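**Q** need a structure here:
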Amino acid sequence: MNNVIKSMAGGLAGACVLTLVHESMRRFVPDAPRMDVLGMRSISKLMRKADAEPPQDKDELHTMALAGDVLSNSLYYSLAGTGKDAWWRGAILGATAGAGAVLLPGPLGLGEEPSNRTTKTQAMTVGYYLLGGLVAAAIGYAISNERD
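**A** Sure, this is the predicted structure:
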């Protein structure tokens, strides 16, 4: 298996863990980040800009947001790559994505509350994205031929 495929496998694993944690925690923790809400707002906003009507069914919009999150985060986390250097790349990618998820939604017109509601929400947001980056790195490292 070549390194691009291995990197993509790591990226997919990181994105799936990130989405699983977000979706699980939002059901049990009142201050949990609501990245699904930001995703639905993003899709609706982009569709309106393209003169298309966003789905009226909230479940359909939610499914689209989750699929978009997994796809985009997979591509992003695949940048962690493989080998021993995947660890620092995954950590930097995860922390950067988390900081962006806290700082950018407001200026992008998506609202601040889903990822910036409380200090706890902010910390969980950064932590979840960092976890995703580290999972991508762990898989990239584990399936790499260059572990030294």
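
**Q** ok, and the closest non-adjacent residue to the residue nearest the centre of the chain?
**A** When Cα atoms, centre = their mean is applied to the chain, the residue found nearest the centroid is Asn73 (4.7 Å). Spatially, and ignoring its direct neighbours in sequence, Asn73 is nearest to Ala15 (3.6 Å; Cβ to Cβ, 6 or more residues apart in numbering). All C-beta spots, glycine's among them, are computed from the backbone N, C-alpha and C.

**Q** state the three-state secondary structure for Gln56.
**A** coil (DSSP: H, G, I helix; E, B strand; the rest coil).

**Q** ok, Pro55 - contacts?
**A** Leu61, Met64 (Cβ atoms under 8 Å, 6 or more residues apart in numbering).

**Q** against Ser42, how distant is it?
**A** Distance from Pro55 to Ser42, counting by Cβ to Cβ, to the nearest Å: 13 Å.

**Q** counting contacts, what elements does the lengthiest helix in the chain pack onto?
**A** The longest helix of the chain (DSSP state H) is helix 3-28. When contacts are defined as 3 or more Cβ pairs under 8 Å, 6 or more residues apart in numbering; DSSP states H and E, helix 3-28 packs onto helix 35-49, helix 58-77, helix 86-103, helix 119-142.

**Q** make it 7 Å
**A** In terms of contacts (3 or more Cβ pairs under 7 Å, 6 or more residues apart in numbering; DSSP states H and E), helix 3-28 is packed against helix 35-49, helix 58-77, helix 119-142.

**Q** list the buried residues for it?
**A** Neighbour counts over helix 3-28 (16 or more other Cβ atoms under 10 Å) mark 6-19, 21-22, 26 as buried.
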